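I need the structure of the sequence given here:
(4 chains)
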4 protein chains.
Amino acid sequence: MPEDARKRARRRLSIARGHLDSIVRMLDDPEVYCVDVLRQIKAVQGALSGAGDVVLRGHLEAHVATSAGRGDSVELVEEVMEALRYR
Amino acid sequence: MPEDARKRARRRLSIARGHLDSIVRMLDDPEVYCVDVLRQIKAVQGALSGAGDVVLRGHLEAHVATSAGRGDSVELVEEVMEALRYR
Amino acid sequence: MPEDARKRARRRLSIARGHLDSIVRMLDDPEVYCVDVLRQIKAVQGALSGAGDVVLRGHLEAHVATSAGRGDSVELVEEVMEALRYR
Amino acid sequence: MPEDARKRARRRLSIARGHLDSIVRMLDDPEVYCVDVLRQIKAVQGALSGAGDVVLRGHLEAHVATSAGRGDSVELVEEVMEALRYR
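All right, here's what the predicted structure looks like:
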């Protein structure tokens, strides 16, 4: 993965981790409201999807640029479709 | 939220946070493989969905049981649909 | 399912079917642009989700209103969670 | 889109349309069970996702193979990410 994409993905995931941490603390409160918890969980899932897109884009940039030069475009398509299974 | 559901949701989210922590550390490695990162992100998202279902079920159990007694079944339906917007 | 919800779900699904029909015809054109096809497929999926919410809401309205009277609120929660597996 | 992908996507979408047609007819029955309807809607959504993957793969195969030759790999990455917004 290109260094820039790796660092940006790492930063986004760190922020998501802090957010998730705050949800765990919310749940220490016996009076917590369930819809608030669901809303916060959804927000973290959105943040994780965003981080996944950064990773995927880094992957594409690193591989597409060189694929035709290496003559492995068939393999690249397989790799992209494989990556998308986890998106 | 019923105490049992709250504790189970808290435990699941703590585990997801630990998992997310390990993904952040994976990204310190310049040689990390993008598809592995995407796969781990997907796994955390699955864990968050599971925790969300625990919260939702707790919400239903707490409210459905008493709704007709209180005569507020219309409001309950609205609340469930609202909760599902974040699911 | 309450008649009103059933009819509204039916109408929405008929519209989605017409939309899907037009995508099938788009694909008769050798020059069709892939991103347009993906965008149309996504729109139909959104329409199907909307129809699913109509069905689910009808289900809740029909069952919640009477559940405590019948004393089967545990069963109702199971049914709702079951319905959500397909949402 | 390559002809092969276009025809396969068209065939899959035709099948999904037939399935959706049968759900519309299910809803003519006043006794239809809501969970069955939700399950069928979910199945059609899965079929649409499968058709979308055929379209996306055709797009990648058509473009990746020639992108480095045309020197437009940056543009290709943008196009793929754009396509994924609708996936």
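
so how far is stretch A:34-42 from its chain's centroid?
20 Å (Cα atoms, centre = their mean, to the nearest Å).

my bad, stretch A:43-52
6 Å.

mind listing what residue A:16 touches?
A:44, A:47-48, A:51, B:20 (Cβ atoms under 8 Å, 6 or more residues apart in numbering or on different chains). Using the backbone N, CA and C atoms, a C-beta is placed for each residue, glycine as well.

Any regions of chain A where pLDDT drops low?
Chain A contains residues with pLDDT under 70 at A:65-71, A:87.

Please name the nearest non-neighbouring residue to the residue nearest in space to the middle of it.
Using Cα atoms, centre = their mean, the residue of chain A that lies closest to the mean C-alpha position is residue A:52, 2.3 Å off. The shortest distance from residue A:52 to any non-neighbouring residue, by Cβ to Cβ, 6 or more residues apart in numbering or on different chains, is to residue B:41 (4.9 Å).

To which secondary structure element is that neighbour assigned?
helix B:34-70 (DSSP states H and E).

Pull out the buried positions in that helix.
B:34-35, B:37-42, B:44-45, B:47-48, B:51-61, B:63-65, B:67-68 (16 or more other Cβ atoms under 10 Å in any protein chain shown).

from the contacts of residue A:16, which is closest to residue B:11?
Taking Cβ to Cβ as the measure, residue B:11 sits nearest to residue B:20 out of the contacts of residue A:16, at 15.2 Å.

For that closest one, pull up the helix or strand it's in.
Per DSSP H and E, residue B:20 falls inside helix B:3-26.

One more: residue A:29?
Per DSSP H and E: nothing holds residue A:29, as it lies in no helix or strand.

Just want to check the distance between it and residue B:58.
14 Å (Cβ to Cβ, to the nearest Å).

Over to residue A:58?
Applying Cβ to Cβ to residue A:58 and residue B:58 gives a distance of 39 Å.

try residue A:7
39 Å.

same thing with residue A:17?
24 Å.

number of nearby residues for the residue nearest to residue A:3 when sequence neighbours are not counted?
Closest residue in space to residue A:3, ignoring its immediate chain neighbours: residue B:30 at 6.7 Å, by Cβ to Cβ, 6+ apart. Residue B:30: 9 surrounding residues under other Cβ atoms under 10 Å in any protein chain shown.

hang on, residue B:30 packs against residue A:4?
No - contact criterion Cβ atoms under 8 Å: residue B:30 and residue A:4 do not qualify, at 11.7 Å.

could you dump the contacts of residue A:16 to a markdown table with distance to chain D?
Below are the contacts of residue A:16 laid out as a markdown table (distance: Cβ to the nearest Cβ, whole Å):
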| residue | distance to chain D |
| --- | --- |
| A:44 | 21 |
| A:47 | 17 |
| A:48 | 16 |
| A:51 | 14 |
| B:20 | 23 |
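
Looking at those residues, which is nearest residue C:83?
Once Cβ to Cβ is applied, the member of the contacts of residue A:16 that ends up nearest residue C:83 is residue A:44, at 25.0 Å.

so what's that closest one up against?
Residue A:44 is in contact with A:16, A:19-20, A:23, B:48, counting by Cβ under 8 Å, 6+ apart.

Tell me the helix or strand right after the helix holding residue B:41.
In N-to-C order, the element after helix B:34-70 by DSSP H and E is helix B:73-85.

What is that following helix packed up against?
helix A:34-70, helix B:34-70, helix C:34-70 (3 or more Cβ pairs under 8 Å, 6 or more residues apart in numbering or on different chains; DSSP states H and E).

Direction-wise, compare the last one with helix C:3-26 and give the angle.
Computed by axes from the mean of the first three to the mean of the last three Cα atoms, to 10 degrees, the angle separating helix C:34-70 from helix C:3-26 equals 170 degrees.

out of the contacts of residue A:16, which one sits closest to residue B:83?
For the contacts of residue A:16, the nearest to residue B:83 is residue A:44 (16.5 Å; Cβ to Cβ).

Spit out the contact partners of residue A:50.
Here residue A:50 is in contact with residue A:12 (Cβ under 8 Å, 6+ apart).

Compute the distance between it and residue C:28, please.
37 Å.

Over to residue A:37?
Distance, residue A:37 to residue C:28, by Cβ to Cβ: 48 Å.

same thing with residue A:27?
54 Å.

where's residue A:36 relative to residue C:42, distance?
29 Å.
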